[in-house]
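> turn this into a structure:
(chains A, B, C and D)
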Number of protein chains: 4
Amino acid sequence: MSIKAGIVGATGYAGLEIVRLLLGHPGVEITAVSSVSFTGKPLSEVYPSMAGIIDMILEDDKAVVAKSDVVFASLPHGLSEEIAAVCAAKGKLFIDMGADFRLNSEEDYKQWYGGAYAQPELHEAAVYGLPELFREKIKGARIIANPGCYPTSVALGLAPLLEKGLVTPGSIIVDAKSGVTGAGRGLSQNTHFPDCNESFAPYKIAQHRHTPEIEQTLSMIGGDPVTITFVPHLLPVNRGILSTIYAMPAAPLTLDELHALYTDRYGDEKFVRVMPGGGTVNINQVQFSNYCDISLHADPRTGRVIIASAIDNMVKGAAGQAVQNMNLACGLPEDSGLRLVPPAF
Amino acid sequence: MSIKAGIVGATGYAGLEIVRLLLGHPGVEITAVSSVSFTGKPLSEVYPSMAGIIDMILEDDKAVVAKSDVVFASLPHGLSEEIAAVCAAKGKLFIDMGADFRLNSEEDYKQWYGGAYAQPELHEAAVYGLPELFREKIKGARIIANPGCYPTSVALGLAPLLEKGLVTPGSIIVDAKSGVTGAGRGLSQNTHFPDCNESFAPYKIAQHRHTPEIEQTLSMIGGDPVTITFVPHLLPVNRGILSTIYAMPAAPLTLDELHALYTDRYGDEKFVRVMPGGGTVNINQVQFSNYCDISLHADPRTGRVIIASAIDNMVKGAAGQAVQNMNLACGLPEDSGLRLVPPAF
Amino acid sequence: MSIKAGIVGATGYAGLEIVRLLLGHPGVEITAVSSVSFTGKPLSEVYPSMAGIIDMILEDDKAVVAKSDVVFASLPHGLSEEIAAVCAAKGKLFIDMGADFRLNSEEDYKQWYGGAYAQPELHEAAVYGLPELFREKIKGARIIANPGCYPTSVALGLAPLLEKGLVTPGSIIVDAKSGVTGAGRGLSQNTHFPDCNESFAPYKIAQHRHTPEIEQTLSMIGGDPVTITFVPHLLPVNRGILSTIYAMPAAPLTLDELHALYTDRYGDEKFVRVMPGGGTVNINQVQFSNYCDISLHADPRTGRVIIASAIDNMVKGAAGQAVQNMNLACGLPEDSGLRLVPPAF
Amino acid sequence: MSIKAGIVGATGYAGLEIVRLLLGHPGVEITAVSSVSFTGKPLSEVYPSMAGIIDMILEDDKAVVAKSDVVFASLPHGLSEEIAAVCAAKGKLFIDMGADFRLNSEEDYKQWYGGAYAQPELHEAAVYGLPELFREKIKGARIIANPGCYPTSVALGLAPLLEKGLVTPGSIIVDAKSGVTGAGRGLSQNTHFPDCNESFAPYKIAQHRHTPEIEQTLSMIGGDPVTITFVPHLLPVNRGILSTIYAMPAAPLTLDELHALYTDRYGDEKFVRVMPGGGTVNINQVQFSNYCDISLHADPRTGRVIIASAIDNMVKGAAGQAVQNMNLACGLPEDSGLRLVPPAF
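Numbers count the residues shown, from 1 in each chain, chains lettered A, B, ... in the order given. Down below sits the predicted model:
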């Protein structure tokens, strides 16, 4: 019997990507989709790519909640809490693609997002849905905070080192680059094609809202508070995040030791691929898949280690990870609907 | 029980795309892959995107034939005939991605490709694998000539009109634009990134080898010899063909009549989508899927009809259609392994 | 002594391109720039690329007119007529980048643009500024209608044939492709980077407003009314128009004859380059320059001739041609400020 | 009277860019161009963009040296020394675009490039041509080592801090991203369009040959040996380098102090633009120009400063800087031929 899943905010990029992945999921039936801007229209009118595949009419969020056992919400921050409360009351699984449930500390949330927690108990119940780090908690969760795209790439890139306490405190720098779908479907001058094409720039330098989320996860992994420098850049491609991570090891570490550490840690993970020695990640090796590829590098001249971590921001960085979380929470095989082969070109 | 399939020339773009699609096919097991340039290496070394997904070693074509019930060959023209002969002798299904079996007339083949047919009886047995036009023949075929990418987009774009004899002879002009994967994996100056990026140009103007293939199919559809003007262009994107087709109807035709003609003809086809009135095809609505999208337009000022036809050149224009042909020839559901949802971005 | 030039609408793409070209013009001083959206701000705040180069504050159109001898207006259609009237009254040269003065027939203007001519005498005085065709008229003009980008590429591509009456009436089809700057700086969903990147589609099929302008020019050249089929496409590059033009010659024409015709016609033109036999135009050979490149091709199988014509839509298709017109009207060398070498990559 | 300039290796990207810039230089006449691969052909046959602009035949390097007062050499490393010797003997100015004369230490050269210095005295005479740092030396130079593209962006980005001794030793990390023209005109799989388009990856991580060159310059500026971590990435655009530079100040530094430091240092420089507070560099603001744009950022949470530095790798990172060096060495205005306005789109 299929799981009944609904998507609130289905016409945004992340929302549509959930629809796309669920259409290929053997254990799920999409029961409803909603949109604020296009209520009443067929989804396939907004996205003609969906013509003949899904002919559902866009409803409102209440209809989605009513018809679904699992509700995915892809909304601007601040709008998910209320829907989560309804789902919680009705015993439905709620998976939030936005930032509302990601930060444990309400103070952090206030500082970086500007609002307060109306229902703190929901936040306490919420689980941060990064399966490779918090799998067991996710299995029992009813509210799942799907991680941000940058935080996913960084946390997976650093976990093996931090779990072993191998990083010099204060030494982490993350230079990240994201494809433009990360900026969403909304229009803006810097994502207007002639302004964005053949361009490249950093943005929100040391001020991006994913900073506290990254630090929270890294701190949980290592047990000690971690502070990082985080600089994202906008990359003129559609999909993909590549985070180049710099860290000083607590003690000297050879490339072989580093490689062994990561292959040990991720050897059983289906969605993390540690590149063989000499290999280097590239976003075009993970696009349209749920993989996080990681390559490891040493700078013997300075002693630093350099970790390159690549994901598809729309899949492992959003919709794919959400489906992975749903699979875990619903007792399905973790890779159900996610055996996606990256096309390479 | 799974069909055993092998791919000769698996490291070319079309070959790898067949691998990718077959990995998601529920009724197929890939038994062997070959490559001339990389024999002995793992496929995932040539394409790191395949790491952890398929760890097969590249063999030679003989090994592929020996191990497989269905052999896909993605080779430069002139090299398939010999392998086809071996497959025919052993009763294996042979699907040729190249041009060796596409042209009925050996004279045409000599003129446009420069070689002769060593075994004419194989060519007589071969079936042109465009399912929407020649489905019944494909079902019994043992040698299938998988159509060229441009010819697929053009034949599907014009079939409904030609079947009814509604086109003025000599009036067809095809202005086609293809993504760069259509040029293959081999290096050349005009596909070097800085030369190709931000570029656009026609090539092989009125001289492209797909011209006789297009004309052969159009002639078979309509019963009368068709001569066209065909001009391809190289489009700085990875995937997609868009053919803009101009024709003068034999008698005046309204847009409504045109639309009715196409929706009638393709109403039962799973992989042809006729855009609703007012809609226009875009390659980004079919990329990574097996769809051929068609939109219909009238120019009341001149009386011409304009048909825009879009496919993913690597899927419906190559590997997807090959799988569709395999499905038909093997008695599987025609869309098995091909329920691919285009991502739209 | 320098010509005092001002630009109304300097923050649009065409407006900024005029600024850029005039900054390199030895005989011109920019005296004022205006913008509706950014009045009071420095131009270099809207375009940081201009920092340290031009530090002018954006004013209103009245200030531009008051301070300038030559006024370039880059405005949505319908807004230029009034400014032209003021310029005419004060004896200033007015060069309109928009459509207000391009169509001789008010009926055509009403049908395609939807407004009436408030001051018909201005339209009678206006000259269509395509120098290679109407050079002498431009020299004495005070109101110049700068041609549309598509019309420039098509008129130059067909002029030699039409001047000699060598085209079969009704046989012309123009399949044109434009870079995204042609759509302007305003935001829209189909020019949002993730929607536009890796996309390709026709638009306004047989309905584009440049159609009557193209036909008007072609009719003036040949002396007989010309009707064409015109289909534009949006190309995911920043700059460049390539028009692929199909025509049936009135009598058979060899490629050599065709080539001789064009090299004769354009031999003295500084900004038209007829590609040598075997050559093919590419937008990357004209980007950032004022050239119109033309290559000539024959389809002996159908008798058609095929002309490929490439320009930079922002230069020869807009700002460069406007400067060329200014040069002619002001008695400067026609290529002053326009000896721009295309970078090729 | 014009300076007679010749270009050895004119068909590579840097070579052609020198040709392009010199064509717009009021004080220079191009006397000869050479190529190994295309000797005897017109340059405009290799680059049709040059048709009608420069019709020179490609000769060999000896012809270039014989005919020119200034010789630019754009060659693979190891081939310039010999030509430099000839130029030195004949009193001609030699500007090397390659790496042969960049490193003071022969040991470094051997380690990173693999060859020895045949004529050490030439290397002692050579001047490192970064005008903003070594202007006075360049004025008297006869052999000029034109800096690498990455080193230019990094040295200009860090000079003001290092000159004042304001950086904690060992704290510098450079995460750099380059457009694909930086990889040259030669073909390779990773610059094949479908492999490169929509891709992004680091390469030569902590092993790039520009590392010793960067460290040499930074050490000269500050007086103490500087060691850095340097990671370049390949960016799927044609032109532009953006270096994101991380450093820990020796003592706390406010953003205002940082900004004042840079505007003081570069206030008189024509080709360095320090972005106003709140501004951020973007490669699309410098493309096709000789500018180096720099923006300054603080990370108060970690105390680090972040400097973003953007150039066009083909202009300030290669040909433009070479012309700037020629101007200095020949006593011309430093910006002669270099008043290039970046087009912004």
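> residues of chain A that sit close to chain B?
Residues of chain A lying close to chain B (CB under 8 Å from any CB of the partner chain) are A:13, A:16-17, A:20, A:23-24, A:47-53, A:181, A:198, A:238-239, A:273, A:275-276, A:279, A:282, A:284-286, A:288-289, A:291, A:293, A:314, A:339, A:341-345. C-beta: built from backbone N, CA, C; applies to glycine.
> of those, grab the buried ones for ChimeraX.
The following ChimeraX line selects those of the residues of chain A next to chain B that are buried, judged by 16 or more other CB atoms under 10 Å in any protein chain shown:
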select /A:13,16,17,20,23,24,47,48,49,50,51,52,53,181,198,238,239,273,275,279,282,284,285,286,288,289,291,293,314,341,342,343,344,345
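> in strands, which of the residues of chain A next to chain B fall?
A:Arg273, A:Asp293 (DSSP state E).
> what about the residues of chain A next to chain B, which are in helices?
A:Tyr13, A:Leu16, A:Glu17, A:Arg20, A:Leu23 (DSSP state H).
> and these as a markdown table, adding distance to C:Leu58 and pLDDT?
Formatted as a markdown table, these follow (distance: CB to CB, whole Å; pLDDT from 0 to 100):
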| residue | distance to C:Leu58 | pLDDT |
| --- | --- | --- |
| A:Tyr13 | 35 | 98 |
| A:Leu16 | 39 | 98 |
| A:Glu17 | 41 | 98 |
| A:Arg20 | 44 | 98 |
| A:Leu23 | 49 | 98 |
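> next, give me the two most distant ones among those.
A:Tyr13 and A:Leu23 (15.8 Å; CB to CB).
> still on that earlier bit, chain C: which of the ones in helices among the residues of chain A next to chain B is nearest?
Within those, the smallest distance to chain C is 7.1 Å, found for A:Tyr13 (CB to the nearest CB).
> I figured the closest one hits B:Phe345, correct?
Yes - in this structure, A:Tyr13 is within contact of B:Phe345 by CB atoms under 8 Å, at 6.3 Å.
> any common contacting residues for these two?
A:Thr181, A:Met314, C:Pro194 (CB atoms under 8 Å, 6 or more residues apart in numbering or on different chains).
> measure the first one to B:Pro343 for me?
If I follow you right, that is A:Thr181. 10 Å (CB to CB, to the nearest Å).
> same check on the second one?
Using CB to CB, we find A:Met314 at a distance of 8 Å from B:Pro343.
> okay, and the common contacts of these two?
The contact sets of A:Met314 and B:Pro343 overlap at A:Glu17 (CB under 8 Å, 6+ apart).
> which among the residues of chain A next to chain B are in contact with chain D?
A:Glu198, A:Asn238, A:Arg239, A:Asn282, A:Asn284, A:Phe345.
> where does the third one fall, phi/psi-wise?
As for A:Arg239, its main-chain torsions (degrees, to the nearest 10) stand at phi -130, psi 150.
> check whether it really touches A:Phe288, as I assumed.
Yes - counting by CB under 8 Å, A:Arg239 does reach A:Phe288; the two are 7.2 Å apart.
> identify the contacts common to these two.
By CB under 8 Å, 6+ apart, the residues touching both A:Arg239 and A:Phe288 are A:Asp312.
> excluding residues flanking it in the chain, which one is nearest the residue of chain A positioned farthest from its centre?
Here chain A reaches farthest from its C-alpha mean at A:Arg301, the gap being 34.0 Å by CA atoms, centre = their mean. Once flanking residues are discounted, A:Arg301 sits nearest to D:Thr227: 5.9 Å by CB to CB, 6 or more residues apart in numbering or on different chains.
> mind listing what that neighbour touches?
D:Thr227 neighbours (CB under 8 Å, 6+ apart): A:Arg301, A:Thr302, D:Gly170, D:Glu215.
> over to A:Leu187?
Listed by CB under 8 Å, 6+ apart, the contact set of A:Leu187 reads C:Leu187, C:Ser188, C:Gln189, C:His192.
> wait, a helix at it?
No - counting by DSSP: H, G, I helix; E, B strand; the rest coil, A:Leu187 is not found in a helix; it is coil.
> which residues of the stretch 101-250 of chain A lie near chain D?
Going by CB under 8 Å from any CB, the residues of the stretch 101-250 of chain A near chain D are A:170, A:173, A:175, A:177, A:194-195, A:198-203, A:205-206, A:211, A:227-229, A:231, A:233, A:235-240, A:242, A:244, A:246.
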